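Visitor: can you look at this prediction? I've put the sequence above it.
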Amino acid sequence: MRIGRTLPPVAAPLAWRDLWHGLIGGLDRDHAIRTLEEEIRREFDVAHVFLLSSGTAALALTLTALKSLSPGRDVVLPAFTCPSVPAAVLEAGLHPIPCDIDAATFDFDHERLDEAVTGQTLCVIAHHLFGIPSDVERLRNRCHPRGIVVVEDAAQAMGAEAGGRKLGTMGDVGIFSFGRGKNITCGSGGVILTNSDRIAGAIGPHYRRLHAPSLVCNLKALARIALMMVFIRPRLYWIPAALPFLALGETIFPKTIPMTRLAAMQAGLLRGWASRLARSNEIRSRTAAWFRRQLPIRLTPEPRQPYLRLPIAVANAKERARIYSRSRKRGLGLSVGFPAPVNEIPEMRAICHGRRCPRARRVADTILTLPTHQWVAEEDMRAIADLLRDADLAEWCRDAAADGPDAREIGSAPGRMAMDPEGSLATRERVQDVSAA
């Protein structure tokens with residue numbers, strides 16, 4: 001067990017004054033919810049927004065509603081994704097069909113996708129895993145002629161763009177998450193957004209039947225968020241990380257998915273969310289760009305992509321175990337991603353009928369993710385880069401064009417660090433409204 005400064009693998013910005021905004025929001029539910037809905041509509045230029053208790057609940061409700069629009073009952077999804085995605089499919093009473101992936105992008109292997117999509121397909125879920133854009137336009141071109149809906153899982157990519165378009169708005173219906181480890185947080189929460197009147201009309205009756213959390217649930221959630229804000233800090237994170245009953249960092253397949261509307265208190269916590277999200281994503285994109293200059297790793301062509309976590313892959317499971325063990329001893333916040341492809345999750349094996357997804361299996365065995373959030377300090381970045389310099393990277397993860405680590409010296413001024421617009425490191429000012437003490 002490590003005692004001392006420990007980086008959390010994921011973190012999202014919250015300031016103490018946001019708790020006050022949460023309390024105010026809880027006292028005026030209708031105003032807090034309406035304001036947040038309207039802000040999301042304007043920011044993402046969509047016609048319909050629904051606020052729910054989690055991103056998983058948002059996906060499950062969307063899939064449940066889509067059943068009324070088509071006789072299809074199969075949902076095609078990437079074979080390497082968050083286990084909450086197939087859990088949401090089952091919650092909706094549908095049949096998940098995992099499809100193997102392109103290991104370099106986490107997007108579908110489109111040759112395998114042609115085999116997975118059939119006349120029984122209701123929809124295909126495109127995800128932007130770790131904030132990496134998948135090719136939604138290509139998917140739409142394949143699905144729409146066959147009457148198949150494209151559901152865009154942007155739970156890990158709120159505020160990111162591809163080709164000048166906001167992720168979450170490129171499919172027929174999109175999903176965001178306000179969970180604890182996402183780009184922006186209110187503890188938990190989810191969003192459904194769509195420009196389709198038909199899809200919104202199917203979602204509406206299901207959404208109106210959901211109840212809002214009680215005052216007691218609001219207060220409990222606020223207390224959990226306050227504790228999270230205290231212990232997410234690197235100087236204290238080692239305490240919850242050492243408590244096995246919290247299961248921090250473990251990937252759990254949810255047996256049930258609680259489904260309510262978003263609490264007004266949580267809507268209040270999100271006051272000023274757009275500017276906070278933009279600053280958070282800027283830090284993430286700059287941190288990822290710094291690692292790219294230091295290590296020969298391949299990143300998305302988008303120049304300022306806000307990776308929720310920066311994924312790399314090593315040559316084999318033994319090499320990953322070696323690096324991960326060293327990271328844990330030093331408190332560097334590396335994580336191993338999801339332990340199994342969808343078809344090998346114990347709760348999914350019988351459903352998948354022996355389906356094999358070898359690329360997803362290989363990614364599950366070899367992936368590591370690097371933290372990119374606002375608590376990653378200059379010394380953490382240096383230590384992570386040093387740890388990985390001798391790593392045996394997987395061939396598809398390596399940037400063949402890289403000339404090796406950047407030889408430029410890193411600024412030595414104390415404090416948490418950020419990069420200037422040219423990409424060099426400069427002393428990071430303490431952004432009080434993002435992560436104020």
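Guide: Nice, thanks for sending it over.
Visitor: for the rest of this, base every contact and every neighbour count on C-alpha atoms.
Guide: Noted.
Visitor: can you give the distance of the helix or strand containing Leu77 from its chain's centre?
Guide: Using DSSP states H and E, the element containing Leu77 is strand 74-78. On the basis of C-alpha atoms, centre = their mean, to the nearest Å, strand 74-78 sits 18 Å off its chain's mean C-alpha point.
Visitor: pull up the pairing partners for it, direction included.
Guide: strand 95-99 (parallel), strand 121-127 (parallel) (DSSP bridges).
Visitor: report the mean per-residue pLDDT for it.
Guide: Strand 74-78 shows a mean pLDDT of 98 in the predicted model.
Visitor: how about a markdown table for the strands paired with strand 74-78, with mean neighbour count, mean pLDDT and distance to Gln266 added?
Guide: Shown next, in a markdown table, are the strands paired with strand 74-78 (neighbours: other C-alpha atoms under 10 Å; pLDDT from 0 to 100; distance: least, C-alpha to C-alpha, whole Å):
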| stretch | mean neighbour count | mean pLDDT | distance to Gln266 |
| --- | --- | --- | --- |
| strand 95-99 | 25 | 97 | 31 |
| strand 121-127 | 25 | 98 | 25 |
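Visitor: and of the ones you listed, who's closest to Ala340?
Guide: Counting by C-alpha to C-alpha, Ala340 lies closest to strand 95-99 out of the strands paired with strand 74-78; the figure is 12.2 Å.
Visitor: got the CA coordinates for the closest one in PDB?
Guide: Listed next in PDB are the C-alpha coordinates belonging to strand 95-99 (Å, rounded to 0.1, in the frame of the first residue of the first chain):
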ATOM      1  CA  HIS A  95     -29.600  -8.000 -27.600                       C
ATOM      2  CA  PRO A  96     -26.000  -6.800 -27.600                       C
ATOM      3  CA  ILE A  97     -23.800  -7.700 -30.600                       C
ATOM      4  CA  PRO A  98     -20.100  -6.900 -30.000                       C
ATOM      5  CA  CYS A  99     -18.100  -6.200 -33.100                       C
END
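Visitor: possible to save the strands paired with strand 74-78 as a markdown table with distance to Arg235?
Guide: Shown next, in a markdown table, are the strands paired with strand 74-78 (distance: least, C-alpha to C-alpha, whole Å):
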| stretch | distance to Arg235 |
| --- | --- |
| strand 95-99 | 40 |
| strand 121-127 | 33 |
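Visitor: which one of those lies nearest to Arg271?
Guide: strand 121-127 (26.8 Å).
Visitor: beyond that closest one, next helix or strand please.
Guide: Following strand 121-127 in sequence, per DSSP H and E, is helix 136-143.
Visitor: returning to that earlier point: in the strand holding Leu77, what's buried?
Guide: 74-78 (16 or more other C-alpha atoms under 10 Å).
Visitor: show me which of those residues is closest to Arg208.
Guide: For the buried residues of strand 74-78, the nearest to Arg208 is Val75 (24.5 Å; C-alpha to C-alpha).
Visitor: Provide the contact partners of the helix or strand harbouring Ala350 at residue level.
Guide: Taking DSSP H and E as the criterion, Ala350 maps to helix 349-352. Helix 349-352 is contacted from outside by 95-98, 343, using C-alpha atoms under 8 Å, 6 or more residues apart in numbering.
Visitor: would JSON lines of those with distance to Ser325 be doable?
Guide: Below are the contacts of helix 349-352 laid out as JSON lines (distance: C-alpha to C-alpha, whole Å):
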{"residue": "His95", "distance to Ser325": "37"}
{"residue": "Pro96", "distance to Ser325": "34"}
{"residue": "Ile97", "distance to Ser325": "34"}
{"residue": "Pro98", "distance to Ser325": "31"}
{"residue": "Asn343", "distance to Ser325": "27"}
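Visitor: show me which pair in the residues you listed is furthest apart.
Guide: Those two in the contacts of helix 349-352 that are separated most widely, counting by C-alpha to C-alpha, are His95 and Asn343, at 12.3 Å.
Visitor: which residue ranges of the stretch 301-437 of the chain form strands?
Guide: 309-313, 367-371, 417-419, 425-427 (DSSP state E, counting those that start in this stretch).
Visitor: which residues touch the residue nearest the centre of the chain?
Guide: Nearest residue to the geometric centre of the chain (C-alpha atoms, centre = their mean): Gln156, 2.2 Å. By C-alpha under 8 Å, 6+ apart, the contact set of Gln156 is 128-131, 176-177, 182-183, 308.
Visitor: phi, psi of it?
Guide: Gln156 adopts backbone torsions of phi -110, psi 20, taken as degrees, to the nearest 10.
Visitor: how about the one 4 residues further on?
Guide: Torsion angles at Ala160 (phi, psi; degrees, to the nearest 10) stand at phi -80, psi 160.
Visitor: ditto for the one 5 residues further on
Guide: The phi/psi pair for Arg165 (degrees, to the nearest 10) reads phi -110, psi 140.
Visitor: now Gly168
Guide: Dihedral angles for Gly168 - degrees, to the nearest 10 - are phi 100, psi -10.
Visitor: that one reaches Ala162, doesn't it?
Guide: No: judged on C-alpha atoms under 8 Å, Gly168 makes no contact with Ala162 at a distance of 10.4 Å.
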